[in-house]
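Asks: sequence first, predicted model second:
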Amino acid sequence: MMTISTSTRNDIDMPLMGFGTYQLSVDQAEFCVKEAINSGFRHIDSAEGYNNEEGTGKGIQQAGISRDDLFVTTKLFPGYSQWGVPDRNYDQTIETLKKQLKQLQLEYVDLYLIHGPMSELRLEQWAALIELKKLGLTKHIGVSNYNEKRIQEIFDADLTKPEANQIEFHPLYAHVELTRFMKEHNISPIAYSSLAPLSTWRIEEGQGGEVLAEIKKESQTVIKDIAAKLNIPEAKVLLRWGLQHGYSVLTKSSKPERIRENLGTYIQFAGSVEIERESKQFITKFNICRTFSYTLDSEVFFFRS
Ligand SMILES: NC(=O)c1ccc[n+]([C@@H]2O[C@H](COP(=O)([O-])OP(=O)(O)OC[C@H]3O[C@@H](n4cnc5c(N)ncnc54)[C@H](OP(=O)(O)O)[C@@H]3O)[C@@H](O)[C@H]2O)c1
């Protein structure tokens, strides 16, 4: 049986459970990040594109724990012409992290990611991330929403390899080949939107949880069954599922009781064997390889040439 505790960290010293901040307002980010740290989260996931880093920074400060105990990730928004956001060049990428650090009230982040391979300047941006690591403004560098082809571009350019790749990962989008590829190249996998299969995922107006809702229904019955068998909440079934596939798992909630409940995924890991058995069924039956997290066509992120 797999044993995980709140102090378990992966190859880049990242605590395996992380608190996400997408779709939180500045004030919510301040409240929820403080709440998450006070509840025991030691890994916070942020991004320029979430427009709430000021709140995240305040929440971190108010929690008052030692900087060394906290792992903070943030992301560069690389630019996206279809949204009218110009591509970031090398110098702008360097300047962007400096601005983000001011918002976050931090001297450095633990991990800096390119949010997606949407920009034609992605190799130039990657070179800037390598420099940011040399400058000590980030301890580790990585990418997000990159498939094998996009990671291979970095290898082909003979540049330092990414240390992590953050992707949507749950039984309905199980990335079997990409997971194998990342393992082979020692790239730490990080899962986002692990809770996307749930009926409670992003249900507030404008959050986009209605995407592919019909398709989720059958898998929800299976998740419910496993949760009932193990006597744990459905969210924990999915978070454990990600952990059991070797991923660090991010989860977001605006509600203190859920923040605490989700972190509890670490605890009482007994019963994980059953999820392992069921996971084969999840993958073969439900993996439709489609994104729930973006209303955009995932081809934009993964396969643009
Ligand atoms: N790199 C990328 O492109 C990318 C994309 C998406 C997300 N991310 C990161 O990954 C993080 C996690 O992804 P996510 O935001 O989709 O979060 P998630 O944890 O997969 O799902 C959050 C949703 O589930 C609900 N929820 C949370 N805990 C629950 C529980 N115990 N039971 C039932 N429902 C629950 C939340 O509602 P309430 O808030 O109302 O509790 C919210 O609607 C993000 O916040 C962000 O930091 C990265």
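Replies: Perfect, I can see it now.
Asks: report the rounded mean pLDDT for the longest helix anywhere in the chain.
Replies: For the chain, the longest helix by residue count, based on DSSP state H, is helix 213-230. Taken as a whole, helix 213-230 has a mean pLDDT of 87.
Asks: which positions in it come out as buried?
Replies: By 16 or more other CB atoms under 10 Å, the buried positions in helix 213-230 come out as K216, S219, V222, I223, I226, A227, L230. Every residue, glycine included, has its C-beta placed from N, CA and C.
Asks: go on, stretch 46-62?
Replies: Using 16+ other CB under 10 Å, the residues of stretch 46-62 that count as buried are 46-50, 52-60.
Asks: export those residues to TSV and tack on distance to W201?
Replies: Below are the buried residues of stretch 46-62 laid out as TSV (distance: CB to CB, whole Å):
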residue	distance to W201
S46	20
A47	19
E48	24
G49	19
Y50	17
N52	19
E53	24
E54	26
G55	22
T56	21
G57	27
K58	27
G59	23
I60	26
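Asks: can I get the CA coordinates of stretch 123-134 in PDB?
Replies: In PDB, the C-alpha atoms belonging to stretch 123-134 read as follows (Å, rounded to 0.1, in the frame of the first residue of the first chain):
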ATOM      1  CA  LEU A 123      11.500  28.700 -27.000                       C
ATOM      2  CA  GLU A 124      12.600  32.200 -26.400                       C
ATOM      3  CA  GLN A 125      10.400  32.300 -23.300                       C
ATOM      4  CA  TRP A 126      11.900  29.000 -22.200                       C
ATOM      5  CA  ALA A 127      15.400  30.500 -22.500                       C
ATOM      6  CA  ALA A 128      14.200  33.300 -20.300                       C
ATOM      7  CA  LEU A 129      13.000  30.800 -17.700                       C
ATOM      8  CA  ILE A 130      16.400  29.200 -17.700                       C
ATOM      9  CA  GLU A 131      17.900  32.700 -17.000                       C
ATOM     10  CA  LEU A 132      15.400  33.300 -14.200                       C
ATOM     11  CA  LYS A 133      16.500  30.200 -12.500                       C
ATOM     12  CA  LYS A 134      20.100  31.300 -12.800                       C
END
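Asks: just the ones of the buried residues of stretch 46-62 in helices?
Replies: In helices, judged by DSSP H, the following of the buried residues of stretch 46-62 are found: E53, E54, G55, T56, G57, K58, G59, I60.
Asks: which residue is the nearest non-sequential neighbour of the first one?
Replies: By that I understand E53. Nearest residue to E53, sequence neighbours excluded (CB to CB, 6 or more residues apart in numbering): Q103, at 3.9 Å.
Asks: report pLDDT for the one you found.
Replies: pLDDT, read off for Q103, is 98.
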